[in-house]
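**Student:** sequence first, then the predicted structure, then my questions.
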Amino acid sequence: METEKVEFIGALGDIISAKIDRPDKGDVIGWVLFAHGFSIGKDLKPIRTISKALVEEGYGMLRFDFTGLGASGGDFSDTNFSTNVADIKAAANFLTENCRAPCILIGHSFGGTAMLKVADDIPECKAVATIGSPCDTTHIIHQFADKIEEIEEEGQAKVLLGGRPFIIKEQFLSDIENYDIASEIGNLSKALLIFHSPQDAVVGIENASHIYMMAKHPKSFVSLDGADHLLLRNAADADYVGRVLAAWATRYVQ
């Protein structure tokens, strides 16, 4: 696998750090855009494993850090769901201008919810896949529910996400209230593949059920039985996601 470090300008004018993974030999059969989950980053091992599996099947993939996370510039506290969506569009534009437009969109957790929102704005996209994703934007609040009152009273609060401190501002709460993801899913004009673990303790399996019920065909569901939310417990889980994705996507890239 050949990996290239690249940069582009994100939603708030900051430099976004990204990596392009592609086969070191042969043509790329289709380009994939990947959006990571809330407060994580593009270099999480399972994301790299998924990319490697896709590349071995002939795909190319762009993965990036949202504004304020990982190696990207900007202040995380100034971001929200809207900036995530705008970052995804900027990433898609970069991929279109420098390689080819993404035909497959993949998002993990909150990144998958954002992909459901943005998919119909990327005309070249043929299919969308979510991994452990919430069915609505407000689901994310449960990760810092004990801080909601402080955020509303003080305008912001320090919260722990994945054991790391972050500042969440009131603007974040206001922003997520503006989205009706159910309508976005119901109107989605792309093929949809939903990955979810019945044992996911962060985003419950009922979210996958809601997404599936709201979406139109063609739609598919793959159970990641025994997997944790981040796909870290067993390296085989992320490889499985990548292999299934590659086989499923073939119908939409050829």
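**Tutor:** Happy to help now that I have it.

**Student:** for this structure, identify the residue most remote from the centre.
**Tutor:** E153 (30.8 Å; C-alpha atoms, centre = their mean).

**Student:** quick one: contacts for the nearest residue to G186 once chain neighbours are set aside?
**Tutor:** With C-beta to C-beta, 6 or more residues apart in numbering as the criterion, G186 has its nearest non-adjacent residue at 5.1 Å, and that residue is M214. All C-beta spots, glycine's among them, are computed from the backbone N, C-alpha and C. Contact partners of M214, counting by C-beta atoms under 8 Å, 6 or more residues apart in numbering, are C135, A182, I185, G186.

**Student:** host element of the third one?
**Tutor:** Under the assignment given by DSSP states H and E, the secondary-structure element containing I185 is helix 181-186.

**Student:** that helix - what's its average pLDDT?
**Tutor:** Across helix 181-186, the average pLDDT comes to 96.

**Student:** still on that earlier bit, how close does the residue farthest from the centre of the chain sit to I16?
**Tutor:** 33 Å (C-beta to C-beta, to the nearest Å).

**Student:** ditto for L173
**Tutor:** Taking C-beta to C-beta, one finds L173 at 24 Å from I16.

**Student:** likewise for S82?
**Tutor:** 16 Å.

**Student:** the two: who's more crowded?
**Tutor:** Neighbours around S82 and I16, counted as other C-beta atoms under 10 Å, are more numerous at I16. The numbers are 26 against 18.

**Student:** you'd agree that one is up against A91?
**Tutor:** Yes - here I16 reaches A91: they are 7.1 Å apart, a contact under C-beta atoms under 8 Å.

**Student:** who touches both of these two?
**Tutor:** In contact with both I16 and A91: F8, F64, using C-beta under 8 Å, 6+ apart.

**Student:** just the residues contacting the helix or strand hosting T113, thanks.
**Tutor:** Using DSSP H and E, T113 falls within helix 110-118. With contacts defined as C-beta under 8 Å, 6+ apart, helix 110-118 is touched by 34-38, 66, 81, 84-85, 88-89, 92, 105-107, 128-137, 139-140, 179, 181, 184-185, 188, 211.

**Student:** which of those residues count as buried?
**Tutor:** 34-38, 66, 81, 84-85, 88, 92, 105-107, 128-137, 139-140, 179, 181, 184-185, 188, 211 (16 or more other C-beta atoms under 10 Å).
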